[in-house]
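**Student:** Build me a model:
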Amino acid sequence: ISIAYYLYFKGHSNVQYLIMGWSLAILGYIMLALYNLGLPTLLNIFPYFYEFTIFFEAVLFSMALSNRLNKTKALEQAVKRNRVLTKELHHRIKNNMQFIISMYRLKLSSHITPTVEEKLIETENTIQAMSKTHEMLYAQDTLENIDTKEYFSELIRELKHSYDFSHITLHTRIDTTLDISQNIYCGIILNELLTNCIKHAFTSKGEIFVELACYHKKTYLRVRDTGKGFEKENTQGFGLMLIESMVKNDL
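**Tutor:** Sure thing, here's the model as predicted:
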């Protein structure tokens, strides 16, 4: 009953039923003890007083439990509504990103050259890297996380639709998982690095290795290839600047 009073003063209103129930029960115990000692009590006037207190303790406890269950049910319904709204939000974000791609393609349709087409594909793939996260969140039951291995596989599948992979063997090893924001940033980084490899690394056949693993409580994303490499002064392109910015500022 001391704990019940403590909880009541902490703002848990439901506990008032427990306080009243325990108070009645304790009063019943006291009356019964005094009656057994031969002292005058309420049991001399009302023989069923002890049973009455136990009965009302059970009633009050049931009221407290019912009130708690009703609040829990209302909370569950609110959580379900929020999950539906969140899923719909992810769906709308994904659709809006697709709309952006279609809209700027339509606007630039009369000005598309091979160079512009190449840049459009790169931009589309970057947007797809973000869009794919929201698409996967909408499609699954849980909204807290997505499967990083599946996410990376989806991004690679999208890239294979955009570029010729016939001369490239791609190896992936995903041994850990990331949270949603990390997935988005690493997805964009993976997209940029793989695009660079595909476009610039190989003059003939080659291999690309993608690894995401955890060592000593740190997560490492590595992308390497067997291509010709590049000079250090050629690292000032927009893609690598974007990667550097996200690694330093976001990850």
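
**Student:** Could you check which helix or strand contains Asp164?
**Tutor:** Secondary structure from DSSP states H and E places Asp164 outside every helix and strand.

**Student:** can you count the residues close to the residue nearest to it when sequence neighbours are not counted?
**Tutor:** Beyond its immediate neighbours in the sequence, the residue positioned closest to Asp164 (C-beta to C-beta, 6 or more residues apart in numbering) is Ile198, lying 7.9 Å away. All C-beta spots, glycine's among them, are computed from the backbone N, C-alpha and C. Taking other C-beta atoms under 10 Å as the criterion, the count of residues near Ile198 is 22.

**Student:** what's the answer for Tyr220, then?
**Tutor:** Other residues lying near Tyr220 total 11 when counted by other C-beta under 10 Å.

**Student:** Just after whichever strand or helix holds Ile188, pick out the following helix or strand.
**Tutor:** Taking DSSP H and E as the criterion, Ile188 maps to helix 180-196. Remark: after helix 180-196, the chain's next helix or strand is strand 206-215, criterion DSSP H and E.

**Student:** quick one: strands adjacent to that next one?
**Tutor:** The pairing partners recorded for strand 206-215 under DSSP bridges are strand 168-174 (parallel), strand 218-225 (antiparallel).

**Student:** and the first one with helix 180-196, angle?
**Tutor:** Comparing the axes of strand 168-174 and helix 180-196 via axes from the mean of the first three to the mean of the last three C-alpha atoms, to 10 degrees yields an angle of 160 degrees.

**Student:** Isn't Leu170 up against Arg157?
**Tutor:** No. Counting by C-beta atoms under 8 Å, Arg157 is not a contact partner of Leu170; they are 10.7 Å apart.
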